[in-house]
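J.: model the structure of this input:
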Amino acid sequence: MTDNAQETHSELLHIRETITMLYLAVCQIETSVNESNSSIDDLTTSFTDLAQHSQEVDEHVQAMTDLSELTDIKRQVNETSMEMQSKIKQAITAFQFYDRISQRLDHVARSLERVSDVIGDSDRVNDPETWTAIQEQVKSSYSMESERIMFEHIMRGASVKEALEIYRHHFSQEETGEVDGDEIELF
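T.: Numbering: from 1, shown residues only. Modelled structure (predicted):
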C-alpha cells in the first residue's frame with residue numbers, strides 16, 4: 001500500500017469510528033430524553049397525589065368530634081396512609097429512573113470527551129488500537145443489559161433507528177418480566 005493509500009485508509013477508519021461513536025451517543029441521548037419525560041410526569045403525579053392524601057388525612061383528623069366515629073375515621077386514615085405509601089414508592093421509582101438517565105447522559109459525555117481527545121491528537125487519531133480501547137471503555141461503563149445490547153448493535157453497523165428499536169424491544173420485555181430486568185438502584 002502506498003503512503004497515500006494508507007493515509008486515505010486511515011482517514012476512512014477515523015471517519016467511520018467517529019460516526020459510529022456519534023451514533024451511539026445519539027441513541028443514548030434519545031432514550032434518556034424519552035425516559036426522563038415519563039419519570040418527570042410520574043413524579044409530578046405522585047407528589048400531587050401525596051399532597052391531596054395528606055390533606056385528606058388532616059381533614060379526617062379534624063372531623064373527629066364524636067368518639068363513636070373513631071373506628072370509621074381510623075379506617076379512612078389507614079386507607080389514605082396506604083395510598084400515600086404507594087405514591088411514595090412510585091416517586092422513589094421515578095427518582096431511580098431519573099438517576100439512571102443522569103448516569104446514561106454522563107456516559108455519553110465521557111464517551112464524547114474520549115472521542116474528542118483522540119480526534120485532537122494526530123498521533124492517536126489513526127490508531128485502530130486507540131479506537132478499540134475507547135469502545136471497550138464505553139462498553140465497560142454500562143451497567144444495564146439494554147445499554148450493552150444497543151452498544152453491540154451499533155458496533156455491528158446497525159443504524160440509530162434499528163438500535164433504538166432493539167433497545168425499546170428489550171426494555172419492554174424487561175418491564176413485562178419476559179427477561180431479567182436491570183436492577184435500578186438510587187445512587
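
J.: in which helix or strand does the residue most central in space within the chain reside?
T.: The centre of the chain sits closest to I101, judged by CA atoms, centre = their mean, with a distance of 3.5 Å. According to DSSP states H and E, I101 maps onto helix 70-119.

J.: state the next helix or strand along the chain beyond that helix.
T.: Next helix or strand after helix 70-119 toward the C-terminus (DSSP H and E): helix 128-141.

J.: rounded mean pLDDT for that following helix, please.
T.: Mean pLDDT, computed over helix 128-141, is 90.

J.: stretch 96-114 now?
T.: Average pLDDT, stretch 96-114: 80.

J.: list of residues touching that stretch?
T.: Stretch 96-114 has contacts (CB atoms under 8 Å, 6 or more residues apart in numbering) with 21, 24-25, 28-29, 31-32, 35-36, 38-40, 42-43, 134, 137-138, 141-144, 147, 184-187. To be clear about C-beta, it is placed using only N, CA and C from the backbone, and glycine gets the same treatment.

J.: quick one, which of those residues are buried?
T.: 21, 24-25, 28, 31-32, 35-36, 39, 42-43, 134, 138, 142, 144, 147 (16 or more other CB atoms under 10 Å).

J.: pLDDT below threshold where in the protein?
T.: 1, 171, 174-187 (pLDDT under 70).

J.: backbone phi and psi for the closest residue to R148 other than its chain neighbours, please?
T.: For R148, ignoring the flanking residues on the chain, the nearest one in space by CB to CB, 6 or more residues apart in numbering is Y142 at 5.0 Å. Main-chain dihedrals, Y142, degrees, to the nearest 10: phi -80, psi 130.

J.: pretty sure Y142 sits against I149.
T.: No. Y142 lies out of contact with I149 (CB atoms under 8 Å); the separation is 9.4 Å.

J.: on that earlier part again, what sits against the residue nearest to R148?
T.: Contacts for Y142 were tallied using CB under 8 Å, 6+ apart; they are H107, R148, F151.

J.: output those residues as CSV; include the columns neighbour count.
T.: What follows is the contacts of Y142, written out as CSV (neighbours: other CB atoms under 10 Å):
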residue, neighbour count
H107, 20
R148, 15
F151, 21
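
J.: closest to Q85 out of those?
T.: Nearest to Q85 among the contacts of Y142 is H107, at 33.4 Å by CB to CB.

J.: from M144, how far out is that closest one?
T.: From H107 across to M144, the span is 10 Å (CB to CB, to the nearest Å).

J.: alright, calling it a day.
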